[in-house]
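Chemist: sequence and predicted structure, then a few things I'm wondering about:
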Amino acid sequence: QVQLVESGGGLVQPGGSLRLSCAASGSIFSINAMGWYRQAPGKQRELVAAITSGGSTNYADSVKGRCTISRDNAKNTVYLQMNSLKPEDTAVYYCNAPSALVAGFGYLEVWGQGTLVTVSS
């Protein structure tokens with residue numbers, strides 16, 4: 001069984017910071033890209049940031065300059081540092097591995113269960 005487990009969400013005031021973590025576990029041989037998505041109430045899920053195993057990154061325009069994605073390949077863990085948070089950043093944040101090489105299954109897309117980030121005073 002393969003899992004992505006997020007942590008680090010919570011309530012933060014506007015202008016504050018949070019660091020999300022996502023750890024992959026299970027019989028994983030390798031993961032290339034990993035990313036963070038978010039879904040606000042009544043809206044579609046959208047990409048926030050993504051990173052390849054080589055460290056190449058891309059960000060949604062709405063978070064550029066405020067968020068930094070990083071990863072520890074040895075731990076199959078990806079992080080999202082979010083600064084200068086705004087109320088419109090409020091959403092459930094999901095970790096995603098679009099192509100994880102899993103023992104006995106080949107390449108699978110894996111999603112985490114999500115962690116809630118609420119930005120409010």
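Modeler: That came in fine, so what should we check first?

Chemist: residues in contact with the residue of the chain most remote from its centre?
Modeler: What lies farthest from the middle of the chain is G104; by Cα atoms, centre = their mean that is 25.4 Å. Neighbouring residues of G104 by Cβ atoms under 8 Å, 6 or more residues apart in numbering: S27. All C-beta spots, glycine's among them, are computed from the backbone N, C-alpha and C.

Chemist: number of residues surrounding Q3?
Modeler: As a burial measure, Q3 scores 13 neighbours (other Cβ atoms under 10 Å).

Chemist: and the nearest residue to it once chain neighbours are set aside, what does it touch?
Modeler: Closest residue to Q3 apart from its sequence neighbours, by Cβ to Cβ, 6 or more residues apart in numbering: S25 at 5.1 Å. S25 sits next to V2, Q3, V5, N76 when contact means Cβ under 8 Å, 6+ apart.

Chemist: list the beta-bridge partners for the residue positioned nearest the centre of the chain.
Modeler: Closest to where the C-alpha atoms of the chain average out (Cα atoms, centre = their mean) is W36, at 2.8 Å. Taking DSSP bridges, one obtains A49, C95 as the residues bridged to W36.

Chemist: how near is it to S121?
Modeler: Shown here: W36 relative to S121, a distance of 24 Å by Cβ to Cβ, to the nearest Å.

Chemist: for M34, list the residues it contacts.
Modeler: C22, A24, A50, I51, R71, V78, C95, N96, A97.

Chemist: find the nearest non-adjacent residue to it, please.
Modeler: The shortest distance from M34 to any non-neighbouring residue, by Cβ to Cβ, 6+ apart, is to V78 (4.2 Å).
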